[in-house]
Structure formats: structure tokens, C-alpha cells
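[1] starting from these lines, generate the structure:
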Amino acid sequence: MSSIFHPNNDETINPSENESIREVLARYNGRRNFLKGTLAAGVLSGMGGFSTSAMAYTPSPSPAGGIGFTGVGANRPTNPGGFIDAITVASGYTAKVLIGWGDAIGRPGPFMNTHWDAAQPITEAAQMQLFGQHNDGMHFFPFPARGVSGVSSDRGLICVNHEYVDPGLHVNSAAYATHPLTAADVAAQVAAHGVSVFEVRKMGGDMKVQRPSAFARRVTGKTPCRVSGPAAGNALLKTAADPTGTQVLEITGPVVLAASTDAAVARVPGMKDILAAGKKPVESLDLAALDVPAAAGTVTVTGTARPDLLARKGQMIDVTDPAAAAAELVAALRGAGAL
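    Residues are numbered from 1 along each chain as shown. Now for the predicted structure:
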């Protein structure tokens, strides 16, 4: 979806003396032959896992004699009947909406299963639990099907970026130029930018959004981000809000979605790390030094039975204050009978 608010990305900017991608495609026997030879491998590599080595199968060669179906003509205003404002697919194929702006992503909360009523203006609180506006970049992260060695195309996470918004649609007003803009309007529009993460699984032969899902979340320009690596703590990153220079508290501008194969690789300590940890000094403190009564420090073993395996509650604690988060966690554990 595009509008007058979309940045102009149609201009080719190539300050180098290298060939443009259009010139490379022209040399490669034309654009159609290039797509026949590379499109299947590229799409399957992106959808099948984090790398081509993670795929459970290899793409089939292009069918002899063509792409195997009748193509769809270009959608131009000069066509008979004019521009078609609809999705057109080749004969024998079907297009279905998986998720759209204002649809619930399944994040625990008031909008976990409730979509936005388009007859009403959208709020920041609602938008933080709903799919954002004007997406383009997206990536599918499949869940393991058979342990770490296999991946599944039936269930996974989809990450989608939201590049910009149509402000008039946010306030449900066709005359946005004269609309009295408020701080609440701006906050709702900021919440529509960023990234949506939602879980999908194949049900009844179709891919559908899993609601609720503990994995569902929104990332916006107001989502705090931790800075790591050599830049962490640099003087240029220190601000009054974060004197440590280790957090980015606000981001504005277009969103760029990038998929990384090692963004969240768990570090497993090796034997060297374990031995080194055993040599570190250990400080022992008496209960009196911690102002803890001796009676409160008594441990009584009431049993060693294996706990029952219960279903995940999918409860999410989403607060910025650490003390409030800890209090909410304790309350949730007590409510579940764990404390």
C-alpha cells in the first residue's frame, strides 16, 4: 500500500562507477530468465530457515518451457478499465489476507483476540497490541520440527516492519490537514511504526495467526534497546536520560528490518569457563549481616516429588520499572500458587 506519505524509493542512486542492478539483469539474458534461475532458491532460502543448510529440501529446477502458469499482466491506469485496486493472482492460485493493520497479533492484554474497530480513532495503547501500518520487509523464522536439526514450515514467527503511516486514517478523518493534532495522535502514530512479531501455524490447511502467543510483541520508536559491543558506554551515546550510554531510548525515522542468523545465540560455557568460575573468590555472609532473622533462614524439605507439567500461561510482564516488574512477577507466582 502506498500514498503521498511514502518516501520516493523509485530513483536509482548509484554514485559508484559499478553497473546498476538493472544493467546486470539486462546482461543476464533478460529479467525473466534471471528470475527463473534464482527466484525459487532465493525464496526458499529465506522461508526455509536461517540459511540454505537449514532447509530440509532443495528447490526443484525450473520447469521446462516456462514458469508453469499464465502470468498476470501489468496493472496500469492506461489498461482497459483503468487501474485495478485489488490483488490479482494467476489462474489456479488464491490470495488470502493473513493479517492487516489493526488486527490483533495475539499479545496478552485487552486486544489479545480483539481487532481494532475502524470506525473509531486508534490509540497508542491499542496500537501496541495490534499489527502496525504500511509494511514491506518481512521474514519467516520457522520453529524446529525435529529438534535442532529440522525446521518446520507449518509453524513459526513472522517479523514485519512498518515503514510509515497515513495520519488521516489514524484519526479517522478525511480532512487531516485541518485536524487539531494532539500528543495522543502522535503517540498512536509512533506506535504504528516499527516491527510486529506474531506467531503463525498451519490449521485446516491454511496459515493462521496464533492467538494468544507468548512470542507476539511490537517494537516501536519508543522501545528501549540495549547497546552492546564496542559502542556500549561510549561518551557519544551518553545522554541525560541514560548516562551509562548503554541504551537507546527513542528512535525516529524509517524502519529497516534485518534478519540475522546469530542475533540470539545462547552462550554455553565450556570446560575452561567452568574451571575458571570455580577459582573465583566466594564471599560468605551470615544472616545477621543481611538483617535476616535466623528463624527465617531455616530450610525445611517437605518433599522431593517431581512437579506436574502444566500448560504455559503465556502471561507477559511489560513494564519499564524493574521494581514494578518484580512486584508483578511475585504477585503472578503467588496467584499461581508457586510462592
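
[2] run me through the strand neighbours of the one helix or strand Ile158 maps to, direction for each.
    Using DSSP states H and E, Ile158 sits in strand 151-162. Using DSSP bridges, strand 151-162 pairs in its sheet with strand 135-144 (antiparallel), strand 194-203 (antiparallel).

[3] buried residues in the last one?
    Buried positions in strand 194-203, judged by neighbour count with 16 or more other C-beta atoms under 10 Å: Gly194, Val195, Ser196, Val197, Phe198, Glu199, Val200. Using the backbone N, CA and C atoms, a C-beta is placed for each residue, glycine as well.

[4] name the nearest residue to Ile84, sequence neighbours excluded.
    Asn75 (5.5 Å; C-beta to C-beta, 6 or more residues apart in numbering).

[5] so what touches stretch 167-176?
    With contact meaning C-beta atoms under 8 Å, 6 or more residues apart in numbering, stretch 167-176 is reached by Phe5, Ala118, Ala119, Gln120, Pro121, Ile122, Gln133, His179, Asp185, Ala188, Gln189, Ala192.

[6] of those, keep whichever come out buried.
    Judged by 16+ other C-beta under 10 Å, buried ones among the contacts of stretch 167-176: Pro121, Ile122, Gln133, Asp185, Ala188, Gln189, Ala192.

[7] in helices, which of those fall?
    For the buried ones among the contacts of stretch 167-176, the ones inside helices are Asp185, Ala188, Gln189, Ala192, with DSSP state H as the criterion.

[8] now flag whichever of the residues you listed is closest to Gly137.
    Gly137 lies nearest to Ala192 out of these, by C-beta to C-beta, at 15.6 Å.

[9] quick check, the closest one in contact with Gln133.
    Yes. Ala192 is in contact with Gln133 according to C-beta atoms under 8 Å; the separation is 4.3 Å.

[10] so what sits against both of the two?
    Joint contacts of Ala192 and Gln133 (C-beta under 8 Å, 6+ apart) are Trp101, His162, Val165, His170.

[11] can you flag which of those residues belong to strands?
    His162 (DSSP state E).

[12] which ones are touching Pro110?
    Neighbouring residues of Pro110 by C-beta under 8 Å, 6+ apart: Ala126, Gln129.

[13] find me the pLDDT at it, would you?
    Note on Pro110: pLDDT of 81.

[14] do Phe131 as well
    For Phe131, the predicted pLDDT is 95.

[15] next, the buried residues of stretch 208-224.
    So stretch 208-224, judged by 16+ other C-beta under 10 Å, has buried residues 209-213, 215-223.

[16] equivalent analysis for stretch 221-235, please.
    Of the residues in stretch 221-235, Gly221, Lys222, Thr223, Val227 count as buried by neighbour count, 16+ other C-beta under 10 Å.

[17] C-alpha coordinates for it, CSV please?
    Output in CSV follows, covering the C-alpha atoms of stretch 221-235 (Å, rounded to 0.1, in the frame of the first residue of the first chain):
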residue,chain,number,x,y,z
GLY,A,221,10.4,4.1,18.2
LYS,A,222,9.8,4.2,21.9
THR,A,223,11.0,0.7,22.7
PRO,A,224,14.3,0.8,24.7
CYS,A,225,17.1,-1.0,23.0
ARG,A,226,20.3,-2.2,24.7
VAL,A,227,23.6,-1.2,23.1
SER,A,228,26.3,-3.9,23.2
GLY,A,229,29.7,-4.3,21.6
PRO,A,230,32.5,-1.7,21.4
ALA,A,231,30.0,1.1,21.2
ALA,A,232,28.4,0.4,24.6
GLY,A,233,29.3,3.1,27.1
ASN,A,234,30.9,5.4,24.5
ALA,A,235,30.7,9.1,25.5
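
[18] and it, how far from the chain's centre?
    19 Å (C-alpha atoms, centre = their mean, to the nearest Å).

[19] for it, give the mean pLDDT please.
    Rounded mean pLDDT across stretch 221-235 is 86.

[20] can you list the low-confidence ranges for the stretch 201-339 of the chain?
    249-267, 296-297, 307, 309-310, 312, 339 (pLDDT under 70).

[21] please, where are all the strands along it?
    206-209, 217-219, 225-226, 247-248 (DSSP state E, counting those that start in this stretch).

[22] need those strands in a markdown table with distance to Leu275, can you?
    Converted to a markdown table, these look like this (distance: least, C-beta to C-beta, whole Å):
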| stretch | distance to Leu275 |
| --- | --- |
| strand 206-209 | 47 |
| strand 217-219 | 38 |
| strand 225-226 | 29 |
| strand 247-248 | 34 |
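
[23] so for Leu157, which of those strands sits nearest?
    Closest among the strands of the stretch 201-339 of the chain, using C-beta to C-beta: strand 217-219, at 9.9 Å.
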